[in-house]
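Participant: Have a look at this prediction, sequence included:
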Amino acid sequence: MSIYDPFGFLANITIVAKLLIQSAWKQNIMWDEQLPHPLAKQWKAWWTKFQYVNSLTVPRCYSSMISSAENVQLHIFVDASTDAYAAVAYLRVSQGDMVEVAQVCAKSTCALLKPMTVPRLELQAAVLGCRLKTLIEQNHEIRIDSTTFWSDSQTVILWIRSHSRAYKPFVAHRIVEILSATTAEQWRWIPTALNVADDATRAVPIPEPSINTRWLREPEFLYQQEGQWPRETMLSSVECANEELTGRKLLLCTTVRVVAWVLRFVSNARKEVRKEELQADELTAAEKQICRIMKKVYSESTEE
């Protein structure tokens, strides 16, 4: 509460403190209780490094040629881990062969205590990036010629580019929000090693806050020509998170009749033998039995 950082310049540092606090919540530690030794040691190490922010200065002039620039681009990087997800935005200003890049703002958030798959967290990061874009556009008078989103999640990019919308509600609703603020063509894949948003998603030992870190120094490839930017090596949609597709409920007639005969056998073993052909009520009972079995199998697989 005492850290005032509305632009998120320290998002890669404060996320460590947020995760430490979340860890204390998981251990049911009350606000007036002493932290256990491992957690207290981590907190002390973080607090010691954090003191260096007193000497940190971040220039707020995006570019000396912003008013006469030939091209102004907004680049937003998104990423997620099992611990947190983040988005960070940069302006790329170019005039002739001159290129200047500056960080605009960033946001990092802890993942929920309830377990969630990494693709879903990556999707949350994509939504956060879209909201960051809207926030920047609403609060700047700078002309932005184009906006590009960068994610190292091939699954998320394929979800966004997919023409099919047969996804489960969690994914479907977030894709709708993303496509209401962006187009599929604005999303590009980037290797994890080049994704600067990765710096704000992990509880790792933090470096001393410095203007020379890549978090504030900006992605180096943005200073190069667009032809030298990372190239995509995408997987097919079949290979990426098909578990988020809504299942098609299809019962084969042969399977239903087999189950119906099994139920007939069980029934015959308990009472008088029925020799006539399968009746409609027996086929209906077989379908219900199959649905019950499939529901149980699905529930057990999701719990694992």
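Facilitator: Noted; the coordinates are in hand.
Participant: CA atoms for contacts and neighbours, from now on please.
Facilitator: Will do.
Participant: all strands of this structure, in order?
Facilitator: 71-80, 84-95, 98-110, 146-151, 187-189 (DSSP state E).
Participant: Including mean neighbour count and mean pLDDT, could these go into a markdown table?
Facilitator: Below are those laid out as a markdown table (neighbours: other Cα atoms under 10 Å; pLDDT from 0 to 100):
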| stretch | mean neighbour count | mean pLDDT |
| --- | --- | --- |
| strand 71-80 | 25 | 96 |
| strand 84-95 | 26 | 95 |
| strand 98-110 | 21 | 94 |
| strand 146-151 | 21 | 96 |
| strand 187-189 | 20 | 95 |
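Participant: Which of these sits closest to residue 20?
Facilitator: strand 98-110 (10.2 Å; Cα to Cα).
Participant: Send me the closest one as PDB with only the CA atoms.
Facilitator: Presented in PDB, the C-alpha positions along strand 98-110 are these (Å, rounded to 0.1, in the frame of the first residue of the first chain):
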ATOM      1  CA  MET A  98      16.500   6.800 -36.200                       C
ATOM      2  CA  VAL A  99      14.500   4.600 -33.800                       C
ATOM      3  CA  GLU A 100      13.700   5.400 -30.100                       C
ATOM      4  CA  VAL A 101      11.800   3.100 -27.800                       C
ATOM      5  CA  ALA A 102      10.400   3.900 -24.400                       C
ATOM      6  CA  GLN A 103       8.300   2.000 -21.800                       C
ATOM      7  CA  VAL A 104       4.900   3.500 -21.300                       C
ATOM      8  CA  CYS A 105       3.400   1.400 -18.500                       C
ATOM      9  CA  ALA A 106       3.100  -2.100 -17.100                       C
ATOM     10  CA  LYS A 107       0.900  -4.300 -14.900                       C
ATOM     11  CA  SER A 108       1.500  -7.600 -13.100                       C
ATOM     12  CA  THR A 109      -1.000  -9.700 -11.200                       C
ATOM     13  CA  CYS A 110      -0.800 -12.800  -9.000                       C
END
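Participant: What helices and strands are in contact with it?
Facilitator: Using 3 or more Cα pairs under 8 Å, 6 or more residues apart in numbering; DSSP states H and E, the elements in contact with strand 98-110 are helix 11-26, strand 84-95, helix 118-138, helix 214-217.
Participant: And it, how far out from the chain middle?
Facilitator: Chain-centre distance of strand 98-110: 18 Å, with Cα atoms, centre = their mean, to the nearest Å.
Participant: Residues contacting it, please?
Facilitator: Applying Cα atoms under 8 Å, 6 or more residues apart in numbering, the contact partners of strand 98-110 are 7-9, 11-12, 15, 18-19, 62-63, 83-94, 128, 132, 200-201, 216-218, 222-223.
Participant: Make a markdown table out of the helices and strands packed on strand 98-110 and add distance to residue 196.
Facilitator: Below are the helices and strands packed on strand 98-110 laid out as a markdown table (distance: least, Cα to Cα, whole Å):
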| stretch | distance to residue 196 |
| --- | --- |
| helix 11-26 | 10 |
| strand 84-95 | 8 |
| helix 118-138 | 13 |
| helix 214-217 | 6 |
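Participant: Least confident of these, on average?
Facilitator: When the helices and strands packed on strand 98-110 are ranked by mean pLDDT, helix 214-217 comes last with a mean of 85.
Participant: For that one, buried residues please.
Facilitator: By 16 or more other Cα atoms under 10 Å, the buried positions in helix 214-217 come out as 215, 216.
Participant: what do you get for stretch 38-48?
Facilitator: Here stretch 38-48 shows 42, 43, 46 as buried, counting by 16+ other Cα under 10 Å.
Participant: Pull the distance from it to the chain's centre.
Facilitator: 28 Å.
Participant: Same check on stretch 261-271?
Facilitator: How far stretch 261-271 lies from its chain's middle: 51 Å, per Cα atoms, centre = their mean.
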